[in-house]
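Participant: Could you look at this predicted model? Sequence included:
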Number of protein chains: 2
Amino acid sequence: MRIGTLAERLRTTPHAIRFYERRGLLPVPQRADNRYRSYTEQDAERLRLLVGLRQLDLPLEQAAALAGMCTAGHCEQVSEELREAISQKREELRRRIDELQFLDRRLAHLAGQLGSGETPQAVITLGKEERDV
Amino acid sequence: MRIGTLAERLRTTPHAIRFYERRGLLPVPQRADNRYRSYTEQDAERLRLLVGLRQLDLPLEQAAALAGMCTAGHCEQVSEELREAISQKREELRRRIDELQFLDRRLAHLAGQLGSGETPQAVITLGKEERDV
DNA sequence: CTTGACATTGGAGCCGCTCTAGGGTTTAGC
DNA sequence: GCTAAACCCTAGAGCGGCTCCAATGTCAAG
């Protein structure tokens, strides 16, 4: 299978796949006579895992490492690491969501102030940063 | 005032300030005899606005442009643009928060599946991507 | 035989800093 | 006067994770 076909199957792009290869995150595939990359079903399965793990927003290196281990038959260990990674990611998500919600409330507040005639200088104060130093 | 003092007052770093200058987002400041940058209160006010607008997560270029306009006395116009930018940013935030919450639910679900003995391959499916093509 | 879709490579670009290397300057204490 | 810490300077690389570009090669359909 050629790179375009593989990319389409896995909802990614040839660019991304070559990028993973350059980074050493995927095994170097066979080449056809015309020098085109030629992927097996095993290659596809490994990439499928990698792409799937990336969709969980795991760091690329970790996603690639886990995909490789799984393909090498160490699925048990992958399950464990994955559970740990997921729980960390969920904590991070909670923090990030809180941040974004906080920013949203702040923006709503500022929009209100601007609407009632306050100047931008008065509104953007960094919380009176300069006084408490 | 020197760059370190300014950075401390505005809770940013000398590196960031020099970076803004290199990008042409801040006016080139005076230099002292020793070639150190020397900032006036006006410089500080402009940077304060820039930093404040960045804290609202506006794009750097836009934040710098608005800070410049405000310093140049076009605050009315800045107020308008800012209201618009804020409302766009809030929409973006809502979308982003939804995405993150969706991912969190997905992670919770996967953690449950992994906990009850499913293999990573079975769990990470890209939603059966390959079949519906 | 041409057109168009695919493939190849290396490298730049995005965002917004952050940090490093390899220097020079100032300041505080002794 | 001297030393050490803390500041300042510049130019440029690095982060993450792709995305896109140029310039070229390959191949199937009409």
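Facilitator: The structure has been received and is ready for your questions.
Participant: Can you see whether the one helix or strand A:V78 maps to contacts chain B, counting any residue in it?
Facilitator: Assigned by DSSP states H and E, A:V78 belongs to helix A:75-115. Yes: using CB under 8 Å from any CB of the partner chain, helix A:75-115 comes into contact with chain B via A:75, A:78-79, A:82-83, A:86-87, A:89-90, A:93-94, A:96-97, A:100-101, A:103-104, A:106-108, A:110-111, A:114-115. Where C-beta positions appear, they are placed from N, C-alpha and C, glycine not excepted.
Participant: so how far is DNA strand C from the residue located most distally from the centre of chain A?
Facilitator: When each C-alpha in chain A is compared with the mean C-alpha position (CA atoms, centre = their mean), A:G117 comes out farthest, at 41.5 Å. When distances are taken as CB to the nearest atom of the strand, to the nearest Å, A:G117 and DNA strand C turn out to be 28 Å apart.
Participant: Looks to me like that residue is in a helix.
Facilitator: No: with DSSP: H, G, I helix; E, B strand; the rest coil as the criterion, A:G117 is located in coil rather than a helix.
Participant: quick one on the thing from earlier: who are the packing partners of the helix holding A:V78?
Facilitator: helix A:60-71, helix A:120-123, helix B:75-115, helix B:120-123 (3 or more CB pairs under 8 Å, 6 or more residues apart in numbering or on different chains; DSSP states H and E).
Participant: Out of those, which is closest to DNA strand C?
Facilitator: Closest approach to DNA strand C among the helices and strands packed on helix A:75-115 is made by helix B:75-115 (11.2 Å; CB to the nearest atom of the strand).
Participant: The closest one - what's its average pLDDT?
Facilitator: Per-residue confidence for helix B:75-115 averages out to 95 on the pLDDT scale.
Participant: ditto for stretch A:3-13
Facilitator: Per-residue pLDDT values across stretch A:3-13 average out to 94.
Participant: Kindly report the same for stretch A:57-70.
Facilitator: The average of the pLDDT scores along stretch A:57-70 is 96.
Participant: how much space between the residue minimising distance to the centre of chain A and DNA strand D?
Facilitator: In chain A, the centroid-proximal residue (CA atoms, centre = their mean) is A:D57; its distance is 3.5 Å. With the distance defined as CB to the nearest atom of the strand, A:D57 ends up 7 Å from DNA strand D.
Participant: Report the contact partners of that residue.
Facilitator: By CB atoms under 8 Å, 6 or more residues apart in numbering or on different chains, A:D57 lies in contact with A:K89, B:L103.
Participant: of the residues of helix A:75-115 next to chain B, buried ones?
Facilitator: Among the residues of helix A:75-115 next to chain B, those classed as buried by 16 or more other CB atoms under 10 Å in any protein chain shown are A:75, A:78-79, A:82, A:86, A:89-90, A:93, A:97, A:100, A:103-104, A:107, A:110-111, A:114.
Participant: Tell me which two in the residues you listed are the farthest apart.
Facilitator: Pairwise distances across those (CB to CB) peak at 55.2 Å, for the pair A:C75 and A:L114.
Participant: tell me, how many neighbours does the residue in chain A that DNA strand C sits nearest to end up with?
Facilitator: For chain A, the nearest residue to DNA strand C under the criterion CB to the nearest atom of the strand is A:G4, separated by 2.5 Å. For A:G4, the number of neighbouring residues by other CB atoms under 10 Å in any protein chain shown comes to 13.
Participant: so A:K89 touches A:L56, yeah?
Facilitator: Yes: taking CB atoms under 8 Å as the contact criterion, A:K89 and A:L56 are neighbours in contact, 6.9 Å apart.
Participant: Around DNA strand D, pick out the residues from chain A.
Facilitator: Near DNA strand D, the residues belonging to chain A are A:T12, A:T13, A:H15, A:A16, A:F19, A:D33, A:N34, A:R35, A:R54, A:P59, A:L60, A:E61 when assessed by CB under 7 Å from any atom of the strand.
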